[in-house]
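Chemist: just coords:
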Ligand code: GLY
């Protein structure tokens, strides 16, 4: 067999997660995959993939992807361009977790551009899991993160506009607009990765619900709610109205359902059903979305309402950055 043919066959087998013939080294991308919430997940995946492609860890990959989203100047729902709370203060939440149960999180963090990296520092450099508010900021500065005002002029204008009504109503996100989070509600970046060694990791980062009460913390920095990862089973993350994820320990629930044998999509669907059963009326007016990947790299998603998309990137041939539509309970779509 010619070298090229042998290589191509080996790549195809590796991509499918099959056992390679003796003597054929696995490519560095073998079995690696990254999935992220929403259309901006395409950019996050593109930032994460080079890490996986050079044989790097899933943990480094998800941090790279989350940092990309936090720096995205078009995203009013994550990081430096996020919309503020009702007092006009931008507060950021983030978490990171690997498949061995190591995790870190920050909540209500102000004036630090990369909360996901502060979350990772909490995980790696402290005996704690979560730091909040002033304490999180003090820790970040002590770790060498720059303190800088983040609220953009655009976000300030949006807040002033909101003040005219001051109505807070977490509702169905404006999905499938050019930018899903550009309206009055948020969408979180949740990112899950599997590296070539079969290790899993995830990260979740958000500016939270626009116009929230000052001090409100959503699901994204809460391990088990907005993010959960277990190398034995798989990983899950969430987007949408975070109170529902917290009520249902939802990302943990999705992973536990996969442990019981559900596919990632079935597990997400069952978790959504749980949200509906608990709050059937409220479920008609708000968005909740789950994205999961099992330990073999199979991904699936489900949402309350139509419009949730997720992006997937791996080494398979064909167009990368494929966007996948998640099925939903309700077919509504806000216009
Ligand atoms: N899902 C993000 C939040 O509710 O803040």
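Modeler: Noted; the coordinates are in hand. The structure displayed is predicted, hence computed values, not measured ones.
Chemist: Would you state the helices of the stretch 51-200 of the chain in chain order?
Modeler: Assigned by DSSP state H, counting those that start in this stretch, the stretch 51-200 of the chain shows helices spanning 58-71, 115-125, 133-142, 153-163.
Chemist: so how far is the longest one from its chain's centroid?
Modeler: Its chain's average C-alpha position is 10 Å from that of helix 58-71, according to Cα atoms, centre = their mean, to the nearest Å.
Chemist: again, but for the last one
Modeler: Relative to the centre of its chain, helix 153-163 is centred 26 Å away, using Cα atoms, centre = their mean.
Chemist: Please point out which parts of that helix sit buried.
Modeler: Across helix 153-163, burial judged by 16 or more other Cβ atoms under 10 Å covers 155, 158, 159, 162. From N, CA and C alone the C-beta is placed, and that goes for glycine too.
Chemist: ok, and of these, which contact the ligand?
Modeler: Filtering the buried residues of helix 153-163 for proximity to the ligand by Cβ under 6 Å from any ligand atom leaves nothing.
Chemist: possible to save the helices of the stretch 51-200 of the chain as TSV with mean pLDDT?
Modeler: Listed next are these as TSV, based on pLDDT from 0 to 100:
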stretch	mean pLDDT
helix 58-71	97
helix 115-125	98
helix 133-142	98
helix 153-163	92
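Chemist: Do you have the strands of the protein handy? List them.
Modeler: For the chain, the strands defined by DSSP state E occupy 33-37, 92-98, 103-109, 130-132, 189-194, 200-206, 227-230, 234-240, 288-294, 299-305, 309-314, 322-325, 327-330.
Chemist: Pull up the pairing partners for the third one, direction included.
Modeler: The pairing partners recorded for strand 103-109 under DSSP bridges are strand 92-98 (antiparallel), strand 130-132 (parallel).
Chemist: So for the ligand, which of those sits nearest?
Modeler: strand 92-98 (6.2 Å; Cβ to the nearest ligand atom).
Chemist: pLDDT averaged over the closest one, what's the number?
Modeler: Mean per-residue pLDDT for strand 92-98: 98.
Chemist: Can you report how many residues neighbour the residue of the stretch 51-200 of the chain found nearest the ligand?
Modeler: Nearest residue of the stretch 51-200 of the chain to the ligand: residue 188, at 4.3 Å (Cβ to the nearest ligand atom). Neighbours of residue 188 under the rule other Cβ atoms under 10 Å: 31.
Chemist: same thing with the one 3 residues further on?
Modeler: With neighbours defined by other Cβ under 10 Å, the count for residue 191 comes to 36.
Chemist: Before I go, just wanted to say thanks for your time.
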